[in-house]
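**Q** take a look and give me a structure for this.
(4 chains)
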Number of protein chains: 2
Amino acid sequence: MGRPKEFEPDTVVEQAMEAFWTGGYAGTSPADLAEATGVGKGSLYHAFGSKRELFGKALDMYGAAGSELTEAYLNEPGTAKERIRAYLEFLVDTDLDAPVRRGCLAANTALELGGRDPEATDAVRRMTDRTIELLAERLRRGRRDGDVPPEIDPEAQAHLLMNTIVGLRVMARTYDGPVLHRIIDTALAGL
Amino acid sequence: MGRPKEFEPDTVVEQAMEAFWTGGYAGTSPADLAEATGVGKGSLYHAFGSKRELFGKALDMYGAAGSELTEAYLNEPGTAKERIRAYLEFLVDTDLDAPVRRGCLAANTALELGGRDPEATDAVRRMTDRTIELLAERLRRGRRDGDVPPEIDPEAQAHLLMNTIVGLRVMARTYDGPVLHRIIDTALAGL
DNA sequence: CTGATTCTTGACCTCAAGTTCAAGAATTGA
DNA sequence: TCAATTCTTGAACTTGAGGTCAAGAATCAG
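**A** Next up, the predicted model:
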């Protein structure tokens, strides 16, 4: 009972996520969020408690969407190397095509809140761990299938790939397509 | 003539750099800067014009110090691979030993201001380009000396290494020593 | 329809950020 | 010593951030 919400919470969280992604946590004011979501400031506070809590939901949503996407990309038909390359290129191209270079919400958050905000740091850590695990799984499968040389260690390589991804998404703030694609080529040469 | 300054501008810029490094640009208020430098807010504005200008000087100082350090590390006696490894380990260990995980001012700035602030973006870009150039030079020399295999392309490898460094300095916000060192090992395996 | 409940709206509040400024203090040249 | 100059200090100002609240609107149970 009671008056029904005039918005879909998930939709609002998604719109808030976009706003935070573009503007950063500190850089996105309640007024910005109200505009981005079309919901009044008061209603947002009523529904989510605080800016920080809304951000938490947005981070979670980002993590869920990201890991779905990663999984989908890695599991298309092809060799491990082909799929990982496709995934990296997708990430970079998406970054470059966006109207504003905003990189990766998780990386941005790690840098903005890392250390200072334990919950945010944990959330980022969980996302990263998940991605590493998905990469490692795909590499193990590739090894079984024979398209990944046996001398490479899937876990170690997955960590390095994660590191490369993070680097790429930061470098995408300052460098252009050709440079980034060349980095991908070099990074995958050893696989 | 006139009343003499009661502080050394360079010292103040350095202290401001430390404050910005730890707190980020937006996260460091004029009051914070006054406390960090021991100079009154008014004097800071009198001497540097604005917070943004002070930040600019701090960024420049960071860049100069960083490139000196890079050059010094890479040119110690040893093979290219040894020196690059020493350099990466130094960066990571310094990060981990610091009382607060603050990563790299340039990477932090790229993420906080990248795109939004052209001057800051340019400054970061210059620093990155300089580091890439130093790495490429060292690799070329290694190739001449015979300790770098001829099939590796110094420029491409330098870009990848830069990307790896950026990644490491972001990952240092959420991961610990063993993980990071393992990433270094894997990254350098192909050299 | 009434009451209980839950939402929306917009005004309002507090606090701090970023900056400016007026007044006074230290220095040098004449 | 006086004037000119350059610095310091702290108060004061403006703006917006982050959040609260009272009033009213929408829904449902009875």
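**Q** the helices in chain A, which residues?
**A** A:9-23, A:30-37, A:41-48, A:51-74, A:80-97, A:105-113, A:118-145, A:154-171, A:177-188 (DSSP state H).
**Q** what's the most buried one of those?
**A** helix A:105-113 (a mean of 26; mean count of other Cβ atoms under 10 Å in any protein chain shown). Bear in mind the C-beta positions are built from the backbone N, C-alpha and C, glycine included.
**Q** what about that helix and DNA strand C, any contact?
**A** No: using Cβ under 7 Å from any atom of the strand, helix A:105-113 stays clear of DNA strand C, with a minimum separation of 14.4 Å.
**Q** now the angle from that helix to helix A:154-171?
**A** 70 degrees (axes from the mean of the first three to the mean of the last three Cα atoms, to 10 degrees).
**Q** now helix A:105-113: how far from the chain's centre is it?
**A** Relative to its chain's centre, helix A:105-113 lies at 10 Å (Cα atoms, centre = their mean, to the nearest Å).
**Q** backbone phi and psi for A:Val148, please?
**A** Here is the backbone geometry of A:Val148 (degrees, to the nearest 10): phi -120, psi 130.
**Q** and for it, nearest residue in space, chain neighbours not counted?
**A** Among residues not flanking A:Val148 along the chain, A:Gly142 sits closest, at 3.6 Å (Cβ to Cβ, 6 or more residues apart in numbering or on different chains).
**Q** quick one: the one you found and A:Ala80 touch, right?
**A** Yes: applying Cβ atoms under 8 Å as the test, A:Gly142 and A:Ala80 come out as touching, 2.9 Å apart.
**Q** joint contacts of those two?
**A** Shared contacts of A:Gly142 and A:Ala80, defined by Cβ atoms under 8 Å, 6 or more residues apart in numbering or on different chains, comprise A:Val148.
**Q** how about the residue nearest to A:Val148, what does it touch?
**A** So A:Gly142 contacts A:Thr79, A:Ala80, A:Lys81, A:Val148 (Cβ under 8 Å, 6+ apart).
**Q** make TSV out of the residues you listed and add distance to DNA strand C and pLDDT.
**A** Output for the contacts of A:Gly142, formatted as TSV (distance: Cβ to the nearest atom of the strand, whole Å; pLDDT from 0 to 100):
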residue	distance to DNA strand C	pLDDT
A:Thr79	50	97
A:Ala80	47	97
A:Lys81	46	97
A:Val148	49	96
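**Q** what's the one helix or strand in chain A whose mean pLDDT sits lowest packed up against?
**A** Least confident element among the helices and strands of chain A, by mean pLDDT, DSSP states H and E: helix A:105-113 (a mean of 91). On a contact count with 3 or more Cβ pairs under 8 Å, 6 or more residues apart in numbering or on different chains; DSSP states H and E, helix A:105-113 meets helix A:9-23, helix A:51-74, helix A:118-145, helix A:154-171, helix B:105-113, helix B:154-171.
**Q** picking that back up, for DNA strand D, tell me which of the contacts of A:Gly142 show up nearby.
**A** Counting by Cβ under 7 Å from any atom of the strand, no member of the contacts of A:Gly142 reaches DNA strand D.
**Q** make JSON lines out of those residues and add distance to B:Lys57.
**A** What follows is the contacts of A:Gly142, written out as JSON lines (distance: Cβ to Cβ, whole Å):
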{"residue": "A:Thr79", "distance to B:Lys57": "50"}
{"residue": "A:Ala80", "distance to B:Lys57": "48"}
{"residue": "A:Lys81", "distance to B:Lys57": "46"}
{"residue": "A:Val148", "distance to B:Lys57": "49"}
